[in-house]
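Asker: one predicted model, sequence on top.
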Amino acid sequence: MRENGRSERPKNGADVQPCLSDVYKNGTRAKRRQADAPLCAISSLFSFLRRGRQMRRNFSTTCTISGTRGEKLQADAALCGRSMVEMLGVLAIIGVLSVGAMNGYSKAMFKYKLNKQAEQVNWLFNIIYQYKEQWVFDEPASMVPFLIKLDLIDKNMIHSGEQETIFDSFGNSIKIRNNNGPSFDEIVLSMTLSESGSNRALICQNMFNIAKAHSPYLLYIRTDSREDISQDMNTSTMYYGDVRCPDYGKGINCIRYATLEDIYNVCQNCDKMPICYVNITWNI
């Protein structure tokens, strides 16, 4: 625009278009157009830069919302909330972290239960060996009621309504009975594995490792498995304790010398079969 024969630079973006319009509307000479057009172009550039800086400053602190009458208002970004993309990103991160945390928690809980089971079974082995000579009966009977009366069983292993069965940290049922034979008497601890899949095999391995530590006092340990309750038992290779190993000579499977691979192979029956028992026997 021109006043008093002098060109004025537009003050904001809104003034740019009128400036150019005046130049081409009122300018009848090429010289006049050439003089004013560069000023308007420079003015447009400065206006654009000023508006860009203002937008960058406002982006992190304000946003545009609609008023009650449809007008556009400037509000703090906190009032406008977050975008859908931001929310989805946060939810995705939370989901990944949750899956990792739950997986780690499950593994930690399983290891805790294995350690707890080892503690419970070790205690049972000790009291069986300590009291086994006092448990001689004319016919087979459960030892569990006597152990409970003597207050020798962990309260967490006793379930209401169960008189002859106790339960380990995994919920596997445990029965302890004496078997009277024509030439020998023995006490049998039989555990029914309730876990499924690979966890069952790991629990079986845990039982074999516990038995290995008590090999001087054991008669033998074995697993019995079957597809259905009506089918015959599939008995695994027996591993004998020190009580039998010297008498049987070379070639006998002694639990004392069982390797990790040996124990792994024996427990594969429990991994494959729906029903699996771990039986541990002491000679009276």
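Answerer: Received it, and whenever you're ready, just let me know what you need.
Asker: I'd guess E186 is in a strand, am I close?
Answerer: Yes - residue assignment for E186, taken from DSSP: H, G, I helix; E, B strand; the rest coil, places it within a strand.
Asker: what about W282, neighbour count?
Answerer: With neighbours defined by other Cβ atoms under 10 Å, the count for W282 comes to 23. C-beta coordinates here come from the backbone N, C-alpha and C atoms, glycine included.
Asker: is it in a helix, a strand, or coil?
Answerer: strand.
Asker: is it in contact with Y220, as I believe?
Answerer: No - using Cβ atoms under 8 Å, W282 makes no contact with Y220, being 9.5 Å away.
Asker: what pLDDT does T68 get?
Answerer: In the predicted model, T68 carries a pLDDT score of 54.
Asker: can you get me a residue count around the residue nearest to E133 when sequence neighbours are not counted?
Answerer: Ranked by Cβ to Cβ, 6 or more residues apart in numbering and with sequence neighbours excluded, the top spatial neighbour of E133 is I284, at 6.4 Å. Close neighbours of I284, defined as other Cβ under 10 Å, add up to 15.
Asker: what do you get for T259?
Answerer: T259 is flanked by 8 other residues according to other Cβ under 10 Å.
Asker: from Y239, how far off is it?
Answerer: Remark: distance between T259 and Y239 (Cβ to Cβ, to the nearest Å) = 11 Å.
Asker: how near is C245 to L219?
Answerer: Taking Cβ to Cβ, one finds C245 at 10 Å from L219.
Asker: now swap in I255 and tell me
Answerer: Between I255 and L219 the distance, using Cβ to Cβ, works out to 10 Å.
Asker: which neighbours do these two share?
Answerer: Common contact partners of I255 and L219 (Cβ atoms under 8 Å, 6 or more residues apart in numbering): 240-241.
Asker: more crowded one of these two?
Answerer: Here I255 and L219 are set side by side on neighbour count (other Cβ under 10 Å), and the busier one is I255, at 25 against 19.
Asker: how near is that one to L147?
Answerer: I255 sits 24 Å away from L147 when distances are taken as Cβ to Cβ.
Asker: do R222 as well
Answerer: Taken as Cβ to Cβ, the spacing of R222 relative to L147 amounts to 23 Å.
Asker: got the residue ranges for the helices in this structure?
Answerer: 16-26, 30-59, 77-80, 84-131, 144-149, 198-213, 245-248, 260-272 (DSSP state H).
Asker: can you give the contact residues for the fifth one?
Answerer: With Cβ under 8 Å, 6+ apart as the test, helix 144-149 has contacts from 127, 135, 153, 158, 163-166, 175-176.
Asker: one more: stretch 254-261?
Answerer: Counting by Cβ under 8 Å, 6+ apart, the neighbours of stretch 254-261 from elsewhere in the structure are 208, 211-212, 215, 218, 220-221, 239-242, 245.
Asker: which member of those residues is positioned nearest Y277?
Answerer: Taking Cβ to Cβ as the measure, Y277 lies nearest I221 of the contacts of stretch 254-261, at 11.2 Å.
Asker: the residue nearest to N156 when sequence neighbours are not counted: neighbour count?
Answerer: Excluding its sequence neighbours, the residue lying closest to N156 (Cβ to Cβ, 6+ apart) is S169, at 7.8 Å. By other Cβ under 10 Å, the residues close to S169 number 19.
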